[in-house]
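Enquirer: task: produce atomic coordinates for the following.
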Amino acid sequence: MALRKLRALHSTVAPIVLLPLFVTVFTGVSYRLSKDWFGLERDQVHWLMTIHEGEYLGDTLEPFYVLFNGLGLLWMLVTGSAMVVQKISRSPWLRRLTRPQESSAD
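Expert: Purely as a prediction, here's the structure:
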């Protein structure tokens, strides 16, 4: 029952955090690769960092964007990891591995 509830909570939050996390990953990777691989200067790609950090939201909302983006990522990691652990702990192959071996004393 706990796994079902955890999945429901995870799937409720997932659509909310998907776009901000995707934008953060895409702009961060694009910024770094543009500088390192393509030799662009910081000034040429700073607009990516502006989007990445949420600077376009202004001084008031930027900290909330960063906070909620980080909390959303942590939530998805913790609940996703918990689901994986629960799934593995209930799997038949793990039970076979942890079950005491029967000795064949004839």
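Enquirer: okay, and residue 38 sits in which element?
Expert: Using DSSP states H and E, residue 38 sits in no helix or strand.
Enquirer: so that it lines up with my notes, have the first residue be 693 from now on.
Expert: Okay, residue one is now 693; in that scheme the one you just asked about reads as residue 730.
Enquirer: what separation is there between it and residue 764?
Expert: For residue 730, the distance to residue 764 (CB to CB, to the nearest Å) stands at 30 Å. C-beta coordinates here come from the backbone N, C-alpha and C atoms, glycine included.
Enquirer: before we move on, what about residue 754?
Expert: 16 Å.
Enquirer: quick one, which of those two is more surrounded?
Expert: Shown here are residue 754 and residue 764; by other CB atoms under 10 Å, residue 764 has more neighbours (18 against 14).
Enquirer: for that one, pull up the helix or strand it's in.
Expert: Using DSSP H and E, residue 764 sits in helix 750-781.
Enquirer: in that helix, what's buried?
Expert: The neighbour-count check on helix 750-781 (16 or more other CB atoms under 10 Å) flags 757, 761, 764, 767-768, 771 as buried.
Enquirer: ends of stretch 726-742, what's the gap?
Expert: In stretch 726-742, first residue to last residue: 15 Å (CA to CA, to the nearest Å).
Enquirer: contacts for that stretch, please.
Expert: With CB atoms under 8 Å, 6 or more residues apart in numbering as the test, stretch 726-742 has contacts from 719-720, 722-723, 747-748.
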